[in-house]
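# Sequence and predicted model, in that order:
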Amino acid sequence: MAFNKKTWVDRVVEYPLRRLLTIIRPDEGSGTMVTDIQREEGTITTAGDAFSAANMNDLEDRIESAFNDAGGGAFVGVKYHASLVDFPGYPCWEDLTTAQKEKFDINNGATVNFLDDEAPSDIIGDTDISSIADGTLTGAVAEHETEINQIKSDVSDMGDVVLLAQTTTANSSVAVTFPDISNYRYLLIKPGVDISIMSPTMVPIKALTVGEAINCYYEASSAGYFVRATFTYSSTTSGSLYLTKGSYSSAYVKVYAVK
């Protein structure tokens with residue numbers, strides 16, 4: 001049987017913090033007195049459940065009963081096909097009695113035997129995927145092939161990146177034109193030195209206004225070595241680049257549209 005839960009009830013009274021002190025021995029110069037303390041809570045609406053030995057022992061008994069009814073915690077080992085995994089000192093599934101195994105009913109009345117590959121097909125499916133070795137999901141998820149193909153399409157679309165413009169010309173504004181990027185989500189501004197890529201900047205295209213400048217800046221630990229790249233957004237088909245490279249002998253900036 002399942003664990004028998006108890007609904008615990010709070011004590012509800014008119015004055016929950018009020019106490020009555022009765023002086024048994026007054027202070028007669030000793031600096032101490034003896035009193036009795038008892039509740040003086042006014043109207044008691046609900047007595048509530050006491051934090052008592054009786055209630056705590058009842059809780060212990062209910063836990064023990066549910067634990068024993070479930071096989072005494074014997075099911076801590078798992079056998080999967082030919083591989084046996086268990087813990088020293090504890091029995092495995094194959095060691096349980098029929099009555100204990102029935103406690104682990106997960107199939108509306110029919111115990112699933114994980115030892116003999118006889119689990120019902122409506123629980124784990126019956127599609128043979130042993131021959132699938134090319135990394136695809138075909139066959140293994142035939143029932144959801146439409147959904148899988150849609151996910152693959154969405155992922156492919158998200159990876160669409162187009163190089164719009166680039167320059168290595170420093171200290172001069174370079175006007176650039178490119179295909180319409182209305183259907184793209186982001187602009188990625190990527191500065192670099194030789195083959196080293198510096199921290200790029202990505203901004204949502206729809207958040208840009210005409211004439212707005214996007215800046216990327218990198219400064220090395222050595223004095224005078226820095227790269228500043230600025231892309232000025234003119235329209236969905238044009239803009240301008242400005243590159244400053246400090247003491248670096250060569251630098252570049254590239255602009256991408258990303259879906």
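Nice, thanks for sending it over.

# drop to CA atoms for contacts and neighbour counts, all remaining ones
Noted.

# Low-confidence bits of the stretch 1-150 of the chain, can you list those?
1-2, 70-97, 99-150 (pLDDT under 70).

# How about the stretch 151-259 of the chain?
For the stretch 151-259 of the chain, the ranges with pLDDT under 70 are 151-159, 194-197.

# where exactly do the strands run in it?
Secondary structure of the stretch 151-259 of the chain (DSSP state E, counting those that start in this stretch): strands located at 161-167, 173-177, 186-193, 196-197, 201-204, 213-219, 226-235, 238-244, 252-258.

# Make a markdown table from the ones you listed and add mean neighbour count and distance to residue 63 to it.
Shown next, in a markdown table, are the strands of the stretch 151-259 of the chain (neighbours: other C-alpha atoms under 10 Å; distance: least, C-alpha to C-alpha, whole Å):
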| stretch | mean neighbour count | distance to residue 63 |
| --- | --- | --- |
| strand 161-167 | 17 | 60 |
| strand 173-177 | 15 | 74 |
| strand 186-193 | 22 | 58 |
| strand 196-197 | 10 | 62 |
| strand 201-204 | 16 | 57 |
| strand 213-219 | 16 | 63 |
| strand 226-235 | 21 | 68 |
| strand 238-244 | 21 | 72 |
| strand 252-258 | 22 | 58 |
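
# Would you mind giving those as JSON lines with distance to residue 40 added?
Output for those, formatted as JSON lines (distance: least, C-alpha to C-alpha, whole Å):
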{"stretch": "strand 161-167", "distance to residue 40": "76"}
{"stretch": "strand 173-177", "distance to residue 40": "86"}
{"stretch": "strand 186-193", "distance to residue 40": "70"}
{"stretch": "strand 196-197", "distance to residue 40": "76"}
{"stretch": "strand 201-204", "distance to residue 40": "67"}
{"stretch": "strand 213-219", "distance to residue 40": "72"}
{"stretch": "strand 226-235", "distance to residue 40": "77"}
{"stretch": "strand 238-244", "distance to residue 40": "82"}
{"stretch": "strand 252-258", "distance to residue 40": "73"}
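
# Out of these, flag the one nearest residue 24.
Smallest distance to residue 24 across those (C-alpha to C-alpha): 79.4 Å, for strand 201-204.

# Thanks a lot, see you next time.
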